[in-house]
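Undergrad: the amino acid sequence is not available; the structure is as follows:
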């Protein structure tokens, strides 16, 4: 969003398109305050369309499926988009395969019982619920 904003400022005649899979922006660095009920969800969750309108770039909510550098094409769930210049922001994804390889049961067990909450989704809510349900450590 920051790159799109400043590109429009620096090159007003450019067509700037932001592709984003998530419908809203969730402020991860501030989420710890949300997890322990210091702030509410509105403090973390922000509309993405308003800044796009304000700063004059196009926002497309879609999943990027692939990038074809030779033809300067981004393949998305909503179709292909051709570009002259491309800025990539990789974001965060869970990579349970890095820990468990092909052991899908171990990966799924870990995902269900120990949510990392890197992405703003059901894992964030599950982690928050686990914190609320926590009654303290067992003494030895």
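TA: Thanks, I have the structure now. Predicted model only: the values in this text are computed from it and were never measured.
Undergrad: which helices and strands sit right next to the longest helix that the chain contains?
TA: Assignment by DSSP state H gives helix 122-133 as the longest helix of the chain. Contacts defined by 3 or more C-beta pairs under 8 Å, 6 or more residues apart in numbering; DSSP states H and E place helix 122-133 against helix 31-35. From N, CA and C alone the C-beta is placed, and that goes for glycine too.
Undergrad: which strands or helices does the following helix or strand past the helix it packs on pack on?
TA: As assigned by DSSP states H and E, the chain's next helix or strand after helix 31-35 is helix 41-44. Contacts defined by 3+ C-beta pairs under 8 Å, 6+ apart place helix 41-44 against helix 31-35.
Undergrad: if you count neighbours, what's buried in the helix it packs on?
TA: Across helix 31-35, burial judged by 16 or more other C-beta atoms under 10 Å covers 31, 34.
Undergrad: show me the domain layout of the chain.
TA: What automatic domain parsing lists as the domains of the chain is 1-91, 92-135.
Undergrad: now the end-to-end length of stretch 35-52.
TA: Counting by C-alpha to C-alpha, to the nearest Å, you get 29 Å between the two ends of stretch 35-52.
Undergrad: ok, stretch 81-97 next?
TA: 30 Å.
Undergrad: helices of this protein, start to end?
TA: Under DSSP H, the chain gives helices at 2-10, 31-35, 41-44, 49-55, 96-100, 104-113, 122-133.
Undergrad: I'd like to know which elements the fourth one is packed against.
TA: The elements that helix 49-55 packs onto, with contact taken as 3+ C-beta pairs under 8 Å, 6+ apart, are helix 2-10, strand 58-61.
Undergrad: give the buried residues for stretch 103-113.
TA: Using 16+ other C-beta under 10 Å as the test for burial, stretch 103-113 gives 107, 110.
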